[in-house]
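K.L.:
Quick one, fold the following:
(2 chains)
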Number of protein chains: 2
Amino acid sequence: MRASPLSESRAARFGTGTLYLVPVALGDGGASPVLPPATLEVVRSLHAFVVENAKSARRFLKSVAYPHPLRQARFCVLDEHTREGDLDALLAPLLAGEDWGLMSEAGCPTVADPGAALVRRAHDAGVRVVPLVGPSSIVLALMASGMNGQRFTFHGYLPVDRAERAARVREIEARAHQATQVFIETPYRNPALLQSLLETCRADTLLCIAADLTLPAEFIATRVIADWKKKPPDLNQRPAVFLLSRAS
Amino acid sequence: MRASPLSESRAARFGTGTLYLVPVALGDGGASPVLPPATLEVVRSLHAFVVENAKSARRFLKSVAYPHPLRQARFCVLDEHTREGDLDALLAPLLAGEDWGLMSEAGCPTVADPGAALVRRAHDAGVRVVPLVGPSSIVLALMASGMNGQRFTFHGYLPVDRAERAARVREIEARAHQATQVFIETPYRNPALLQSLLETCRADTLLCIAADLTLPAEFIATRVIADWKKKPPDLNQRPAVFLLSRAS
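P.N.:
This next block holds a predicted model:
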């Protein structure tokens, strides 16, 4: 976590490329309607991408009418198995002057997603980093929750173990009067997380569930736990964001 | 913070309108390049808007080629002076079946912005809430910072008083090893905030400054405090997001 000597020479490095951070759509609805022209223009101009999964990256590029032959585009994988030492190879072409796009599987890269380490290294090496506008399920959910947007905490994924998860929910709920508490779960585990929330939280704690954001099945509702208990929704396999808030 | 009896009749209320949450551009660069087609389509179809400032709302609508006569569009103001009791008047046309857009001055409504109380009331009354995709300076900064995007806290504005601000910075820095700490300042106070950060934080704490996001003058850099001290940037009057992180 120290600055590289290269960072001082940023201004002098006209020869390095740019690392563009490319958001993608949140589901299979096609990316073009939810990505702005400025983002699409950059994506269509790039020839090399750092991705989590090459297959879905190709599908994304097809959906935005990528104008170049896909077999000529280059894809390098960066996922949770990528080690710190592998980042040099990803950085090298940027230092040699190439522009690359860092793409997520859904939503914004590096937010609840791998990739931050590469961005950090790019800063250290004086490579320009440019984030592009696109859908963030966390921000969409926060906006639509009606909860405090002046102060909020995002926790990522909660523990999978039942007892650990309940303990974590209790800890998060205890902070929900100061700031909106936001978290997510792998879609097939949503029912278990919802059950834990309904069993663990106080009856008057507010829970917002925002599922299938930007998709035709979009569902967003904010209710107290007591009301959710009467008619819990089926969230299995539906990408969802959960938000907790308590009156301060 | 209790559920209204109306919330149970949501499904039955086919007669209510929709409250669309409309992001706008982050600066004067024009909104069309940073707003996706799905967002623009909704904005152009609306005839009534809840806004912080009617003048800048009209300017925004002009910039996205709003197709209707602006003098026929309706604007209701919701700002930091709006009281809880005033929200009924804003909610009434939605309950009567009209669609409205809630617009921010910059970026996403209700995120570091008034409006959340209206959204909450809309949920209680069974009015459908639909968030639209657009630029969020917080997410753009987080993406581009190279810091931990799996866990972060947004604090909004820090105190203005010099001693209180320094105390708050110390408190935030103490949490910067667990999660990325994000905050903002009114642009003309940025120099005072930066000075406080440079004086208060430890030499090896990482600070990301993301200024003029999505604009031609965009500046994003992540360095340790010791490096920022050598050449502090002039952030006066430039909209900026500040992020702190420490090696865990």
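K.L.:
Now stretch A:19-38: buried residues?
P.N.:
Within stretch A:19-38, the residues scored as buried using 16 or more other CB atoms under 10 Å in any protein chain shown are A:19-27, A:29, A:31, A:34-38. C-beta coordinates here come from the backbone N, C-alpha and C atoms, glycine included.
K.L.:
which residues sit in contact with A:Ser136?
P.N.:
A:Pro23, A:Gly107, A:Cys108, A:Val111, B:Ser136, B:Val139 (CB atoms under 8 Å, 6 or more residues apart in numbering or on different chains).
K.L.:
Apply 7 Å and report the result again.
P.N.:
A:Gly107, A:Cys108, A:Val111, B:Ser136, B:Val139 (CB atoms under 7 Å, 6 or more residues apart in numbering or on different chains).
K.L.:
Could you do A:Ala176 as well?
P.N.:
Taking CB under 7 Å, 6+ apart as the test, what A:Ala176 contacts is A:Thr205, A:Leu244, A:Ser245, A:Arg246.
K.L.:
Mark which of those are buried, thanks.
P.N.:
A:Thr205, A:Leu244, A:Ser245, A:Arg246.
K.L.:
rewinding a little: can you tell me which of the contacts of A:Ser136 is nearest B:Ala48?
P.N.:
Within the contacts of A:Ser136, the smallest distance to B:Ala48 is 24.1 Å, found for B:Ser136 (CB to CB).
K.L.:
So the residue most central in space within chain A versus B:Ala247, what's the distance?
P.N.:
The residue lying closest to the centre of chain A (CA atoms, centre = their mean) is A:Val111, at 3.8 Å. Using CB to CB, to the nearest Å, one gets 20 Å for the distance from A:Val111 to B:Ala247.
K.L.:
Can you tell me the number of residues neighbouring the residue nearest to A:Cys201 when sequence neighbours are not counted?
P.N.:
Once flanking residues are discounted, A:Cys201 sits nearest to A:Ile225: 4.7 Å by CB to CB, 6 or more residues apart in numbering or on different chains. The tally of other residues near A:Ile225 (other CB atoms under 10 Å in any protein chain shown) stands at 19.
K.L.:
Which SSE is immediately downstream of the lengthiest helix in chain A?
P.N.:
Once chain A is assigned using DSSP state H, the helix that runs over the most residues is helix A:162-174. For helix A:162-174, the following helix or strand on the C-terminal side (DSSP states H and E) is strand A:180-184.
K.L.:
angle of that next one against helix A:162-174?
P.N.:
Put simply, strand A:180-184 runs at 150 degrees to helix A:162-174, going by axes from the mean of the first three to the mean of the last three CA atoms, to 10 degrees.
K.L.:
quick check: mean pLDDT across strand A:180-184?
P.N.:
Across strand A:180-184, the average pLDDT comes to 97.
K.L.:
can you dump the C-alpha coordinates of whichever helix or strand comes after that strand into CSV?
P.N.:
Note on strand A:180-184: by DSSP H and E, the next helix or strand toward the C-terminus is helix A:190-200. Extracted in CSV, the C-alpha atoms of helix A:190-200 (Å, rounded to 0.1, in the frame of the first residue of the first chain):
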residue,chain,number,x,y,z
ASN,A,190,-31.8,-15.0,-1.2
PRO,A,191,-34.5,-17.1,0.4
ALA,A,192,-32.1,-18.1,3.2
LEU,A,193,-31.0,-14.5,3.7
LEU,A,194,-34.6,-13.2,3.7
GLN,A,195,-35.6,-15.9,6.3
SER,A,196,-32.7,-14.8,8.5
LEU,A,197,-33.7,-11.1,8.3
LEU,A,198,-37.4,-11.9,9.1
GLU,A,199,-36.3,-14.1,12.1
THR,A,200,-33.6,-11.8,13.4
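K.L.:
Contacts for helix A:190-200, please.
P.N.:
Contacts for helix A:190-200 (CB under 7 Å, 6+ apart): A:158, A:165-166, A:169-170, A:185, A:207, A:225, A:228-229, A:232, A:235-236, A:238, A:240, A:242.
K.L.:
ok, now with 10 Å
P.N.:
When contacts are defined by CB atoms under 10 Å, 6 or more residues apart in numbering or on different chains, helix A:190-200 is touched by residues A:157-158, A:160, A:162-163, A:165-170, A:172-173, A:183-186, A:189, A:205, A:207, A:209, A:211, A:225-226, A:228-229, A:232-240, A:242, A:244.
K.L.:
Go through that helix and flag the buried ones.
P.N.:
Buried residues in helix A:190-200 (16+ other CB under 10 Å): A:Asn190, A:Pro191, A:Ala192, A:Leu193, A:Leu194, A:Ser196, A:Leu197, A:Thr200.
K.L.:
Could you do stretch A:68-85 as well?
P.N.:
A:Ala73, A:Phe75, A:Cys76, A:Val77, A:Leu78, A:Thr82.
K.L.:
Pick the one among the residues you listed closest to A:Lys55.
P.N.:
A:Phe75 (9.3 Å).
K.L.:
Which strand residues bridge the closest one?
P.N.:
In this entry, A:Phe75 is beta-bridged to A:Phe49, by DSSP bridges.
K.L.:
contacting residues around A:Thr205?
P.N.:
A:Thr205 sits in contact with A:173, A:176-177, A:181, A:197, A:224-226, A:228, A:244-247, B:1, where contact means CB under 10 Å, 6+ apart.
K.L.:
what about the helices in chain A?
P.N.:
Using DSSP H, helices in chain A cover A:37-45, A:54-63, A:87-95, A:116-124, A:137-145, A:162-174, A:190-200, A:225-230.
K.L.:
what separates stretch A:45-55 from the chain centre, distance-wise?
P.N.:
17 Å (CA atoms, centre = their mean, to the nearest Å).
K.L.:
Any idea how far apart the tips of that stretch sit?
P.N.:
19 Å (CA to CA, to the nearest Å).
K.L.:
where does chain A have low pLDDT?
P.N.:
A:1-14, A:29-31, A:112-113, A:248 (pLDDT under 70).
K.L.:
domain parsing for it?
P.N.:
A:15-131, A:137-245 (automatic domain parsing).
K.L.:
Generate TSV for the ones you listed, with distance to B:Arg128 as supplementary columns.
P.N.:
As requested, the domains of chain A are arranged in TSV below (distance: least, CB to CB, whole Å):
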stretch	distance to B:Arg128
domain A:15-131	18
domain A:137-245	8
